[in-house]
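Participant: A predicted structure for the sequence below; I have some questions about it.
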Amino acid sequence: MMRRRILSALLGSLMLNGIVLAGIAHADSVSLGITQIVEHPALDASRQGVLDKLAEHGYVEGDTLTVDFQNAQGDTAIAAQIARKFAGDRPDLVLAISTPSAQAAAAAMRDTPIVFTAVTDPLMAKLVNDMDAPGGNITGVVDAPPLEAQLQLIRDMFPEAQRLGVAYNPGEANSVSQIEKLQELSPGLGFELVEVTASRTSEVMGAARSLAGRVDAIYVPVDNTIVSALESVVRVGHDANIPVFTGDNASVERGALASLGFSYYDMGRQTGEMILRILDGESPGDLPVGTVEMLELILNQGTADRIGYTIPAEFEEQAVEIIAP
């Protein structure tokens with residue numbers, strides 16, 4: 001009984017100093033299930049951001065952190081299988097990267113903490129009912145692109161452009177949400193939106209080719225299907241001298257002309273901070289859904305040369321990175 005009282009007093013002292021939760025969290029290995037709809041640079045960067053943030057706080061993969069990474073290869077049916085696997089395995093926490101993966105995880109698990117990232121519209125995806133108070137076992141960080149600012153960038157760089165092509169997967173809730181907003185915003189910025197769809201990566205090339213000769217610029221939203229096959233869109237743009245803009249900055253290095261967005265790696269680190277708070281005892285349902293605020297302009301000089309476009313000096317001055325030819 002005396003030992004129990006001494007231990008209780010010690011724990012109370014540690015709690016007053018705000019270190020007991022961290023001590024408990026670091027004492028044992030934490031198991032993390034990661035479900036990702038597909039591998040491409042943006043989603044991969046967000047995953048790495050999470051793991052790096054966790055490692056900085058003592059959760060090192062292979063040591064104090066056990067990671068079960070599962071890639072759905074772009075197939076929502078496989079994403080559902082992965083979610084059911086995690087429901088049976090019961091890891092300490094599940095990281096769901098992308099809207100389809102988060103939807104599958106939320107449907108399969110009710111008591112395992114779930115943190116999503118790279119989800120564009122968690123309300124439309126029915127992941128949460130309230131961004132400030134998600135409730136239940138899920139929260140996360142959204143990657144909603146600054147659509148109005150991105151359209152304004154296209155308008156400023158190409159003042160004469162009238163028809164804007166956009167390719168998307170109608171089966172992705174996040175993509176449908178973006179298209180609806182683009183439809184609202186485009187007329188006010190002088191664009192006629194030309195929409196084409198691709199439900200699988202194998203369809204992206206055909207969709208992109210159908211835009212050649214019909215549009216003055218192409219915008220690729222934050223859409224996992226299209227981004228996974230971005231090189232197909234870029235090739236069409238290069239061949240037809242059509243500028244390709246993207247909703248995520250990681251795609252500029254892959255051949256797009258420009259993007260005004262945020263770092264998916266930084267978004268991952270923000271998501272990792274949320275995971276740390278849950279591991280320290282907070283409830284996912286009490287943590288407001290996070291957003292990424294900082295925007296960065298990335299330009300690709302090689303692509304500009306390829307399509308015969310001279311980047312105005314004002315944009316070169318604003319860019320945080322210009323990818324060399």
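Facilitator: Done, it's in.

Participant: now do the phi/psi pair for residue 261.
Facilitator: phi -150, psi -150 (degrees, to the nearest 10).

Participant: other SSEs contacting the one helix or strand residue 267 maps to?
Facilitator: Counting by DSSP states H and E, the element that carries residue 267 is helix 264-279. Packing partners of helix 264-279 (3 or more C-beta pairs under 8 Å, 6 or more residues apart in numbering; DSSP states H and E): helix 41-56, strand 93-97, strand 114-119, strand 138-142. (C-beta placed from N, C-alpha, C; glycine too.)

Participant: hey, where'd the strands end up in the protein?
Facilitator: Taking DSSP state E as the test, the strands found in the chain are 30-36, 65-71, 93-97, 114-119, 138-142, 163-168, 192-197, 217-220, 244-246, 258-261, 296-300, 321-323.

Participant: got the contact list for residue 225?
Facilitator: 74, 168, 169, 172, 175, 198, 199, 200, 201, 204 (C-beta atoms under 8 Å, 6 or more residues apart in numbering).

Participant: how about the residue most central in space within the chain: what's its closest non-neighbour residue?
Facilitator: Most central residue of the chain, judged by C-alpha distance to the mean C-alpha position with C-alpha atoms, centre = their mean, is residue 118 at 2.3 Å. Counting by C-beta to C-beta, 6 or more residues apart in numbering, residue 143 is the residue found nearest to residue 118 once chain neighbours are left out, at 4.8 Å.

Participant: so the one you found touches residue 122, yeah?
Facilitator: No: taking contact to mean C-beta atoms under 8 Å, the distance of 10.5 Å between residue 143 and residue 122 leaves them out of contact.

Participant: re earlier: can you put the strands of the chain in a markdown table and add mean pLDDT?
Facilitator: As requested, the strands of the chain are arranged in a markdown table below (pLDDT from 0 to 100):
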| stretch | mean pLDDT |
| --- | --- |
| strand 30-36 | 98 |
| strand 65-71 | 98 |
| strand 93-97 | 98 |
| strand 114-119 | 96 |
| strand 138-142 | 97 |
| strand 163-168 | 98 |
| strand 192-197 | 98 |
| strand 217-220 | 98 |
| strand 244-246 | 97 |
| strand 258-261 | 96 |
| strand 296-300 | 97 |
| strand 321-323 | 96 |
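
Participant: turn these into JSON lines, including distance to residue 78.
Facilitator: Below are the strands of the chain laid out as JSON lines (distance: least, C-beta to C-beta, whole Å):
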{"stretch": "strand 30-36", "distance to residue 78": "10"}
{"stretch": "strand 65-71", "distance to residue 78": "8"}
{"stretch": "strand 93-97", "distance to residue 78": "14"}
{"stretch": "strand 114-119", "distance to residue 78": "17"}
{"stretch": "strand 138-142", "distance to residue 78": "20"}
{"stretch": "strand 163-168", "distance to residue 78": "21"}
{"stretch": "strand 192-197", "distance to residue 78": "21"}
{"stretch": "strand 217-220", "distance to residue 78": "24"}
{"stretch": "strand 244-246", "distance to residue 78": "26"}
{"stretch": "strand 258-261", "distance to residue 78": "28"}
{"stretch": "strand 296-300", "distance to residue 78": "32"}
{"stretch": "strand 321-323", "distance to residue 78": "33"}
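
Participant: what sits closest to residue 212 if chain neighbours are left out?
Facilitator: In space, residue 212 is closest to residue 240, 4.4 Å off (C-beta to C-beta, 6+ apart).

Participant: how much space separates residue 81 from residue 105?
Facilitator: 12 Å (C-beta to C-beta, to the nearest Å).

Participant: my bad, should have said residue 30
Facilitator: Residue 30 is 17 Å from residue 105, where distance means C-beta to C-beta.
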